[in-house]
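*Asks:* everything below, folded, please.
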Amino acid sequence: MAAMNPPLRDATGPARPLRVCYFGTYRAGYTRNQIILKGLQAQPDVAVHVCHAPLWHGIEDRVQQASGGWRNPRFWGRVAAAYRRLIRAHAAAPDYDVMLIGYPGQFDAYLGRRLAHGRGKPVALDILMSLHLVAEERGLVAAHPATGALLFRLERGGLRRPDLLIAENAEYGGYIADKYGLPRERFRYVPHGADESVFHPRPLRPPDDHFRVTYHGGYLPSHGMDAILGAAALLRERPDVCFHFYGSGPEKERIVRQAVELALPNVTFHGFVSQDELLDGLATAHVCLGVFGTTRQANFTVQNKVWEGLAMGRPVISGDSPTIRAALADRREIYLIERNSPAALAAGLSELQANPALREAIAAAGHARYRAEHTVAALGRQMAMALRAVATPPSG
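*Replies:* Numbers count the residues shown, from 1 in each chain. Next up is the predicted model:
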């Protein structure tokens, strides 16, 4: 990671905060945006001005538009209205040193560059995920080839406009650079994490009469839901091993139907629950599940759910990859297994069930790793460091 630049200074004045314009139609409720914005605001040497206009109504809305809904004039009316609000908000924004476009912001980069460069300011984009890759892995590109081709071209153009590109790690950044012909020196890296004001150890403890395994998330292809359900099927004769699923998403209906067809007695689906109920569910887990899919997205990312489990002080078992090994030590800070393998997951859970000392050692070391580099403040510090690579103080 690049060394921190000296504090910004006006021509004749003392050091002053880095001034960031957090810009775009980004999803305000999305974990990444909440953590990065909160993290930047937590820095004593950073001042943030929010310049936001909502556009997306949720994941179903984005899937609908990617499936051809973008051809509807009403959608473009929404886009035009959102961008008019952004232009007005930016016109009223105070002076800043760098514009940071939140996720998803590949399309916002077209307008963001024009506005920021019009003030003589640089632009950074928090990519987080390739929109084309996500659409590809969810089957939208195969189902709608013309939309997929348009999405590819729009993302490529959007990624070429910022002065700085923020990716989660070098592996994902390298993939995006190769895919779109981008210079790697334009990238900086800020990993995922978890909000410690939400995800932290609770006084509740796992039950003594059974082994509780917890999944929480969006039932995405990258999560490897079939491997998790397959492990539950392999352990069905072990009534003391219980799987609990929290959340919803694209694959939930299929997974629930499959669990019913298999008549699995050791699986419970909780759906969307209150935050406290979810946190209690994680706190009382002997083991939290990470991600077991084999898609590019799965292999390039250390997902939030991994850090959230570790932030709760619980051991996490997840699929192996070079990316996750670069972030966490296997069998010390996390328990890694072969991906998309129900047998490997069942065997790993059996070992963790039989070895409480290993579970607690992984939980303690994983929590320490999280506290060191993946809290809100730590991620805000890393993002500020990245932004200083392009921020330019005003001239005298």
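*Asks:* figure out the helix or strand that residue 310 lives in.
*Replies:* helix 304-311 (DSSP states H and E).
*Asks:* which outside residues touch that helix?
*Replies:* 31-32, 192-194, 196, 199-200, 216-217, 282, 285, 288-291, 315-316, 318, 324, 328, 333-334, 363, 366-367, 369-370, 374-375 (C-beta atoms under 8 Å, 6 or more residues apart in numbering). Using the backbone N, CA and C atoms, a C-beta is placed for each residue, glycine as well.
*Asks:* now stretch 342-357
*Replies:* 211, 213, 226-231, 233-235, 241, 286-287, 292, 315, 317, 335, 337-338, 358-359.
*Asks:* likewise for stretch 241-251?
*Replies:* In contact with stretch 241-251 (C-beta under 8 Å, 6+ apart) are residues 59, 63, 138, 210-221, 223, 225, 228, 231-232, 235, 255, 264, 266-273, 278, 281, 285, 349, 353.
*Asks:* by mean pLDDT, flag the weakest helix or strand of this protein.
*Replies:* helix 59-66 (a mean of 63; mean pLDDT, DSSP states H and E).
*Asks:* need the buried ones from the contacts of stretch 342-357 selected in PyMOL.
*Replies:* The following PyMOL line selects those of those that are buried, judged by 16 or more other C-beta atoms under 10 Å:
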select buried, resi 211+213+226+227+228+229+230+231+233+234+235+241+286+287+292+315+317+335+337+359
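*Asks:* which ones among the contacts of stretch 342-357 are found in strands?
*Replies:* 211, 213, 241, 287, 317, 335, 337 (DSSP state E).
*Asks:* for the stretch 1-150 of the chain, which segments count as strands?
*Replies:* With DSSP state E, counting those that start in this stretch as the criterion, the stretch 1-150 of the chain has strands at 18-24, 46-52, 98-101, 123-126.
*Asks:* out of the ones you listed, which is the most enclosed?
*Replies:* Mean neighbour count (mean count of other C-beta atoms under 10 Å) peaks for strand 98-101 among these, with a mean of 30.
*Asks:* tell me what that strand is packed against?
*Replies:* Counting contacts by 3 or more C-beta pairs under 8 Å, 6 or more residues apart in numbering; DSSP states H and E, strand 98-101 packs against strand 18-24, helix 108-118, strand 123-126, helix 376-387.
*Asks:* now do the shortest one: distance to the chain's middle.
*Replies:* The chain centroid and the centroid of strand 123-126 are separated by 16 Å, computed with C-alpha atoms, centre = their mean, to the nearest Å.
*Asks:* so what touches that strand?
*Replies:* Residues from elsewhere that reach strand 123-126, judged by C-beta under 8 Å, 6+ apart: 32-33, 36, 98-103, 105-106, 109, 112-113, 116-117, 158-159, 161-166, 190, 383, 386-387, 390.
*Asks:* tell me the buried residues within these.
*Replies:* Looking at the contacts of strand 123-126 with 16+ other C-beta under 10 Å, the buried ones turn out to be 32-33, 36, 98-103, 105-106, 109, 112-113, 116, 158-159, 161-166, 190, 383, 386-387, 390.
*Asks:* average pLDDT for stretch 41-55?
*Replies:* If you average the pLDDT over stretch 41-55, you get 95.
*Asks:* first-to-last residue distance for it?
*Replies:* 24 Å (C-alpha to C-alpha, to the nearest Å).
*Asks:* returning to what we had before: pick the one among the ones in strands among the contacts of stretch 342-357 closest to residue 182.
*Replies:* residue 337 (33.5 Å; C-beta to C-beta).
*Asks:* can you classify the spatially closest residue to the closest one that is not a sequence neighbour by secondary structure?
*Replies:* Of all residues not flanking residue 337 in the chain, residue 344 sits nearest, at 4.2 Å (C-beta to C-beta, 6 or more residues apart in numbering). Put simply, residue 344 is helix when judged by DSSP: H, G, I helix; E, B strand; the rest coil.
*Asks:* what's the spacing between residue 344 and residue 222?
*Replies:* Separation of residue 344 from residue 222 (C-beta to C-beta, to the nearest Å): 17 Å.
*Asks:* over to residue 24?
*Replies:* The value you get for residue 24 to residue 222, if C-beta to C-beta is used, is 24 Å.
*Asks:* just residue 97 next, same as before
*Replies:* From residue 97 to residue 222 the distance is 35 Å (C-beta to C-beta).
*Asks:* same question for residue 150.
*Replies:* 23 Å.
*Asks:* so for these two, which residue has more residues nearby?
*Replies:* residue 222 (24 against 14; other C-beta atoms under 10 Å).
*Asks:* ok, now how distant is the more buried one from residue 270?
*Replies:* Taking C-beta to C-beta, one finds residue 222 at 21 Å from residue 270.
*Asks:* which residues of the stretch 101-250 of the chain fall in helices?
*Replies:* 108-118, 131-137, 140-143, 145-160, 170-180, 225-234 (DSSP state H, counting those that start in this stretch).
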